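[1] Everything below, folded, please.
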Amino acid sequence: MTAQCLGFDTSNYTTSAAVFGGGAAENRGKLLTVPEGALGLRQSDALFQHVKRLHLMVEQLRADGAVGEIAAVGASTKPREVEGSYMPCFLVGEGEGRALAAALGVPFYPCSHQQGHIAAAAWSAGREALLDKPHLAWHLSGGTTELLKVVPEGHTVRAEAVGGTSDIAAGQLIDRTGVLLGLPFPAGKALDALYGQADAGLGFHVKLKDLTFSLSGMENKVKELLERGEKPANIARFVIDTITGVILRATEQAQKRWPGLPVLCSGGVASNRQIRAAMECACGAVFAQPQYSTDNALGVAILTHRALERGIAG
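    Sure, this is the predicted structure:
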């Protein structure tokens with residue numbers, strides 16, 4: 001087995017570890033346990049679950065015969081590569097990654113969770129070359145809805161937010177809707193399944209200003225629909241159609257502003273079938289494979305491998 005790079009990602013939703021050797025890749029992840037009816041976890045609770053689980057992800061990789069000689073270790077150390085970006089749960093992956101790299105005598109490479117998402121999406125879509133050229137990217141997750149202008153920077157990328165939500169993320173709206181409907185958290189898959197049972201379209205036209213929009217008012221509209229006795233499936237369609245519509249309009253405006261730039265979509269919300277179909281058809285968007293849309297460590301391992309290949313000091 002060729003030398004590999006090991007990556008860790010301990011986000012606010014998933015504990016994950018991955019190995020990447022330039023071709024074959026393996027990721028093992030587990031969603032954090034959220035109490036029924038809750039909208040997420042406190043950072044202290046998320047951190048505790050990561051501490052208990054991260055070694056189990058590596059043990060799974062080893063048991064499955066996926067781990068060979070480790071040449072470098074990487075970890076996501078913050079949500080985004082911007083000043084002030086910080087979340088305690090990433091300390092688990094960073095701490096264990098640095099300790100393991102020191103014990104093995106191999107370099108350690110940090111990156112951001114968002115950079116990892118972009119790398120995993122590009123690689124899994126068969127478009128890793130996008131990491132070496134400018135492009136637009138959507139980061140659509142439980143906590144982030146950002147339209148990014150991405151440019152290559154060394155072995156990784158620099159992502160500048162040029163649009164997206166001004167308040168709650170699309171994933172937050174989906175999860176809050178799911179809780180109101182009595183669905184399990186996170187609610188993306190459940191809302192996606194309900195969509196096909198809808199018998200009425202109730203879309204809402206969200207205002208878009210300079211590629212930026214607000215979704216906070218949508219939660220009240222969901223509550224109004226529930227009070228009126230609207231079917232859960234129609235509410236699910238209402239939320240997904242509204243999110244799809246405004247993301248599509250923002251993308252089309254961005255493509256006019258930066259003509260010729262391809263569009264890459266990553267994050268758990270990007271695995272929604274309706275969003276994917278609309279964006280592929282209207283904008284030619286490239287999507288991560290569904291298993292690499294959600295939080296994962298593969299992108300971290302890919303960026304670690306790129307750094308090692310290019311001789312960048314850890």
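[2] so Arg98 makes contact with Phe108?
    Yes. Arg98 is within contact range of Phe108, at 5.2 Å (criterion: CB atoms under 8 Å). No exception for glycine: its C-beta is placed from N, CA and C like everyone else's.
[3] Provide a list of residues in contact with the residue nearest to Arg127 when sequence neighbours are not counted.
    With CB to CB, 6 or more residues apart in numbering as the criterion, Arg127 has its nearest non-adjacent residue at 5.5 Å, and that residue is Val286. Contact analysis of Val286 by CB atoms under 8 Å, 6 or more residues apart in numbering lists Ala121, Ala122, Ala125, Arg127, Leu130, Pro262, Val263, Leu264, Cys265.
[4] Out of those residues, which comes closest to Lys189?
    Within those, proximity to Lys189 (CB to CB) peaks at Cys265, which comes in at 17.1 Å.
[5] For the closest one, give the beta-bridge partners.
    Using DSSP bridges, the bridge partners assigned to Cys265 are Trp138, Phe287.
[6] measure it to Arg310 for me?
    Distance, Cys265 to Arg310, by CB to CB, to the nearest Å: 26 Å.
[7] One more: Gly65?
    Distance, Gly65 to Arg310, by CB to CB: 28 Å.
[8] Equivalent analysis for Arg176, please.
    Counting by CB to CB, the gap from Arg176 to Arg310 is 42 Å.
[9] Glu94 contacts Thr77, correct?
    Yes. Using CB under 8 Å, Glu94 makes contact with Thr77 at a distance of 4.5 Å.
[10] the more surrounded of these two?
    Thr77 (25 against 18; other CB atoms under 10 Å).
[11] quick one: low-confidence parts of the protein?
    Where the chain drops to pLDDT under 70, the residues are 1-2.
[12] got the contact list for the spatially most central residue of it?
    Centroid-nearest residue in the chain: Gly267, 2.6 Å away (criterion: CA atoms, centre = their mean). Shown in contact with Gly267 (CB under 8 Å, 6+ apart): His117, Trp138, His139, Leu140, Ser141, Thr144, Gly171, Ser293, Thr294.
[13] What is the nearest of these to Ala282?
    Ala282 has its nearest neighbour among the contacts of Gly267 in Trp138, at 13.3 Å by CB to CB.
[14] So which bits of stretch 148-164 are buried?
    Residues Leu148, Lys149, Val150, His155, Thr156, Val157, Ala159, Ala161, Val162, Gly163, Gly164 are the ones in stretch 148-164 that count as buried (16 or more other CB atoms under 10 Å).
[15] All the strands of the protein, in order from the start?
    4-10, 14-20, 25-31, 70-78, 108-112, 135-140, 145-153, 156-165, 208-209, 212-213, 263-266, 286-287 (DSSP state E).
[16] Among these, show me which one is buried the most.
    Of all the strands of the chain, strand 4-10 has the most neighbours on average by mean count of other CB atoms under 10 Å, namely a mean of 31.
[17] What sits closest to Leu147 if chain neighbours are left out?
    Closest residue to Leu147 apart from its sequence neighbours, by CB to CB, 6+ apart: Gly163 at 3.7 Å.
[18] need the contact list for that neighbour.
    Residues near Gly163 by CB under 8 Å, 6+ apart: Glu146, Leu147, Asp210, Leu211, Thr212, Ala250, Ala254.
[19] For those residues, give me TSV that also has distance to Leu194.
    As requested, these are arranged in TSV below (distance: CB to CB, whole Å):
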residue	distance to Leu194
Glu146	26
Leu147	27
Asp210	33
Leu211	29
Thr212	29
Ala250	25
Ala254	30
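[20] gap between the nearest residue to Gln114 once chain neighbours are set aside and Arg158?
    Distances taken as CB to CB, 6+ apart place Arg80 nearest to Gln114, at 4.6 Å, with adjacent residues excluded. With distances taken as CB to CB, Arg80 is found 11 Å from Arg158.
[21] Provide a list of residues in contact with Ala270.
    Ala270 sits next to Ala121, Trp138, Leu140, Arg276, Phe287, Ala288, Ser293 when contact means CB under 8 Å, 6+ apart.
[22] Would you format those residues as TSV with distance to Arg53 included?
    Shown next, in TSV, are the contacts of Ala270 (distance: CB to CB, whole Å):
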residue	distance to Arg53
Ala121	24
Trp138	29
Leu140	25
Arg276	29
Phe287	28
Ala288	23
Ser293	21
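[23] Which pair of those spans the longest distance?
    Ala121 and Arg276 (12.0 Å).
[24] More neighbours: which of the two?
    The residue with more neighbours, out of Ala121 and Arg276, is Ala121; 29 against 18, by other CB under 10 Å.
[25] any idea how far the more buried one lies from Val286?
    8 Å.
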